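Novice: Test case, fold it:
(chains A and B)
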There are 2 protein chains.
Amino acid sequence: MISQEMLKLGTSKSVIRELFSYGQQRAQKVGFENVLDFSLGNPSVPAPKEVQDAIIDIVKNNDPVFYHGYSSSQGHDGCRKAIADNLNKRFSTEYSLDDLFMTCGAAASLNIVFKALTVSAADEVIVLAPYFPEYKVFIEGQGSKMKLVSSCNDMRLNLDGIKEAVNENTKALLINSPNNPSGVVYTKDEIKELTNYLKEMEKKLGHTIYLISDEPYRELVFTGEPVSFIPNFYDDTIVCYSWSKSLSLPGERIGYVLVNNKCSENETVMSAVGGAARVLGYVCAPTLFQLVIEKCVNVEPNLEVYKKNREILYNGLTKMGYNVAKPDGAFYLFIEAPNGNSEEFSEKAKAYDVLVVPGTGFGSKTHMRLSYCVDTEKCEKALPVFEKLMKEFK
Amino acid sequence: MISQEMLKLGTSKSVIRELFSYGQQRAQKVGFENVLDFSLGNPSVPAPKEVQDAIIDIVKNNDPVFYHGYSSSQGHDGCRKAIADNLNKRFSTEYSLDDLFMTCGAAASLNIVFKALTVSAADEVIVLAPYFPEYKVFIEGQGSKMKLVSSCNDMRLNLDGIKEAVNENTKALLINSPNNPSGVVYTKDEIKELTNYLKEMEKKLGHTIYLISDEPYRELVFTGEPVSFIPNFYDDTIVCYSWSKSLSLPGERIGYVLVNNKCSENETVMSAVGGAARVLGYVCAPTLFQLVIEKCVNVEPNLEVYKKNREILYNGLTKMGYNVAKPDGAFYLFIEAPNGNSEEFSEKAKAYDVLVVPGTGFGSKTHMRLSYCVDTEKCEKALPVFEKLMKEFK
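Specialist: Numbering: from 1, shown residues only, chains lettered A, B, ... in the order given. Below is the predicted model of the structure:
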């Protein structure tokens, strides 16, 4: 009498969550400081003080009937205006509040967009592996097919693979740069090549190919240069954003969908986004946090801890001979297991209380993900274990 | 290239929202105090002071990494435990935290449950008219059919109609007591008769019939007696709850799904609920408000204003000869138009700056909904207009 598909999704084991639970149990036995848990992508840097100040200011100085009340389904005007202003200033765009639809985080944004775009079960969304495992759940859940394209060996954009994958059923290509799980940031040249090719194919196929840019890590870049803003390269771009990582608000479920104002029939797309949000039960994005975002949209994330951790681990691991994708953003390292078997490596590491996630679920059996959004001390303590393991595996 | 179905849902006009927008425009011309807008179900009573205190206490005295961090998808243990304790105390139940799944409000709860239960397109969910119009969007959006049963003339439960509607495809029956839009609260006897019949049909048909109880208005009852708690009458009950109305938090999107612990295969149903939440993109319910609910779950709503408004309007209107469903709960009156044409009445009322919603979208052309979650003064000012209209229509 219930959906077996939903049951399967509800009971299927998440390797990440299982590792995390194991780590919690171990911590009770051997002490929290002795479990070097790199499994979760939960920001370890607290939300900036401005967020706390904004919450208290709103709650103390405004009318609860307003700040806890419904907003329109698209979101409060002031919040969307502030976001548009911020993007326009940073990326020389010309957005208005009408180009933005506030959501309950990036997972909501993605589902809403897939639902809005899916016309038939033949529709394909191209995803570049390694990838965030929930993409598959979301794309298939909203009725399209996921078509995987492996990245190059160094986790860079594989344009040849993409060229093989595009066909008349291609509805969209999903990119995620900075990438979870690899930390790779696509260069301007890579984006240019990709978008030039997509433009060409739009003409050839005679229909729109949407570029869906999942950008929760957009502000977490360590190269000193800002990440390339995709809508400036490709008109038919839809951005899915969240403040989960940039302002360390993952539990508050606050983000947006941006339908690029140069996207063909952008107003129609936005209407379908509204319809999809409605049919999925998203009445409006949490309103107190819409007002918080209005006040904090220009606050920059504190990257110091992540920068330090990244340097310690990347330098340390490569020096030992580990092959690690170049981690220019996000807070992940994607490390090749010395024998090419990430599940075996992860099991061995567990014996030393070092928890890293085998890459199988991310679409790569050879690599494992290490989340370095943890205390710096744990990064330092992990290095000797990795050294030992390298010797064991050699 | 986009879903025409989503486009239609995104562009279809909402009578309620249009009336509200009209009211906002009129208010700018003639003054807010002169527009008697009874269109929206947005609580006019502010969230209790305890909510404000809880927010400030959490933000000032706790670690943002915790209170803004992800919770498990089911929700924080402490929050769910507090809700279970509250229910157990009030309704003599024996729930544990495992029976509860925290959600982004009742709309999310309903969609998650419909998604979890839908097995085939032949599945039917019985809905009792008049009904909240989004039910149709949610049920059909998740793949089942909505089967409407009209209420009796006085908006009471129509058991004969239900008996005609139940068949081998009946997956669930959805009830909403106190009811939006009628304000009707089903009596203990009505609930008993209904649930006895459903039990009989479960045996006869040889499969579960779920009773989905949508309860955002559970605490808004004016009879002095608590509303009958449905799971105590029927094992296969799933409750969808939200604090939107009881704590005046509609914008914060916080609620739950309760799978009754006596429901057949309740653990399996809960797993499917988890799978459905996942596939719809609900990562977790907003975490700051999970902690607020943990602190405020025993706070009772302030009903004084609603009580007063209800009395003024119900007594005034019935005295004038209006036929009004007995409004024992929620904050709505469902009023029969004197000539049986609610659209015409609503138009005429608009000319006097009185905004009431014609019942067509709720499944009744003869009645209109009046939301009395407004300042009491507006209720008093509206009575002479209703008197005039009664004379015009007679």
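
Novice: Show me what from the stretch 251-394 of chain A comes close to chain B.
Specialist: Applying CB under 8 Å from any CB of the partner chain, one finds that the stretch 251-394 of chain A approaches chain B through A:251-253, A:265, A:268-276, A:278-290. Backbone N, C-alpha and C define where each C-beta goes, glycine included.

Novice: 7 Å instead, please
Specialist: Selection of the stretch 251-394 of chain A residues close to chain B by CB under 7 Å from any CB of the partner chain yields A:251-253, A:268-269, A:271-276, A:278-281, A:283-284, A:286-288.

Novice: Give me the subset of these that lies in helices.
Specialist: Using DSSP state H, A:268-269, A:271-276, A:278-279, A:287-288 are the members of those that sit in helices.

Novice: Could you export those to a markdown table, including columns for pLDDT?
Specialist: Formatted as a markdown table, those follow (pLDDT from 0 to 100):
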| residue | pLDDT |
| --- | --- |
| A:268 | 97 |
| A:269 | 97 |
| A:271 | 96 |
| A:272 | 97 |
| A:273 | 97 |
| A:274 | 96 |
| A:275 | 96 |
| A:276 | 97 |
| A:278 | 94 |
| A:279 | 95 |
| A:287 | 97 |
| A:288 | 98 |
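
Novice: Filter the residues you listed down to the buried ones.
Specialist: Neighbour counting with 16 or more other CB atoms under 10 Å in any protein chain shown marks A:268-269, A:271-276, A:278-279, A:287-288 as buried within these.

Novice: out of those, who's nearest residue A:237?
Specialist: Minimum distance to residue A:237 across those is 10.9 Å, recorded for residue A:269 (CB to CB).

Novice: Enumerate every residue touching the nearest residue to the closest one once chain neighbours are set aside.
Specialist: Closest residue to residue A:269 apart from its sequence neighbours, by CB to CB, 6 or more residues apart in numbering or on different chains: residue A:259 at 4.9 Å. Contact analysis of residue A:259 by CB atoms under 7 Å, 6 or more residues apart in numbering or on different chains lists A:99, A:238, A:266, A:269-270, A:273.

Novice: again, but for residue A:374
Specialist: Residue A:374 neighbours (CB under 7 Å, 6+ apart): A:38, A:44.

Novice: again, only using 10 Å
Specialist: Neighbouring residues of residue A:374 by CB atoms under 10 Å, 6 or more residues apart in numbering or on different chains: A:36-40, A:42, A:44, A:305-306, A:309, A:331, A:382.

Novice: got it, and residue A:298?
Specialist: Neighbouring residues of residue A:298 by CB under 10 Å, 6+ apart: A:50, A:82, A:85-86, A:89-90.

Novice: where's residue A:42 relative to chain B, distance?
Specialist: From residue A:42 over to chain B the distance is 5 Å, taken as CB to the nearest CB, to the nearest Å.

Novice: quick revisit: mind checking how far the residue nearest to residue A:269 is from residue A:383?
Specialist: 45 Å (CB to CB, to the nearest Å).

Novice: now do residue A:45
Specialist: Taking CB to CB, one finds residue A:45 at 21 Å from residue A:383.

Novice: quick one: the strands in the stretch 101-250 of chain A?
Specialist: Taking DSSP state E, counting those that start in this stretch as the test, the strands found in the stretch 101-250 of chain A are A:124-129, A:145-150, A:170-175, A:210-214, A:237-242.

Novice: In a markdown table: those, plus mean pLDDT and distance to chain B.
Specialist: Output for the strands of the stretch 101-250 of chain A, formatted as a markdown table (pLDDT from 0 to 100; distance: least, CB to the nearest CB, whole Å):
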| stretch | mean pLDDT | distance to chain B |
| --- | --- | --- |
| strand A:124-129 | 98 | 13 |
| strand A:145-150 | 97 | 13 |
| strand A:170-175 | 98 | 7 |
| strand A:210-214 | 98 | 8 |
| strand A:237-242 | 98 | 10 |
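
Novice: Looking at those, which is nearest to residue A:104?
Specialist: Closest to residue A:104 of those, according to CB to CB: strand A:237-242, at 9.2 Å.

Novice: Direction included, what does the following helix or strand past that closest one pair up with?
Specialist: Counting by DSSP states H and E, the next helix or strand C-terminal to strand A:237-242 is strand A:255-259. Note on strand A:255-259: by DSSP bridges, its sheet partners are strand A:100-103 (antiparallel), strand A:237-242 (antiparallel).

Novice: hang on, the earlier thing: and the contacts of residue A:259, which is closest to chain B?
Specialist: Nearest to chain B among the contacts of residue A:259 is residue A:269, at 5.9 Å by CB to the nearest CB.

Novice: That closest one contacts residue A:235, correct?
Specialist: No: using CB atoms under 10 Å, residue A:269 is not in contact with residue A:235; the gap is 11.6 Å.

Novice: Need the overlap of contacts for the two.
Specialist: Common contact partners of residue A:269 and residue A:235 (CB under 10 Å, 6+ apart): A:208, A:260, A:263.

Novice: could I get these as JSON lines with pLDDT and neighbour count?
Specialist: Compiled in JSON lines, the shared contacts of residue A:269 and residue A:235 are given as follows (pLDDT from 0 to 100; neighbours: other CB atoms under 10 Å in any protein chain shown):
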{"residue": "A:208", "pLDDT": "97", "neighbour count": "20"}
{"residue": "A:260", "pLDDT": "98", "neighbour count": "23"}
{"residue": "A:263", "pLDDT": "97", "neighbour count": "22"}
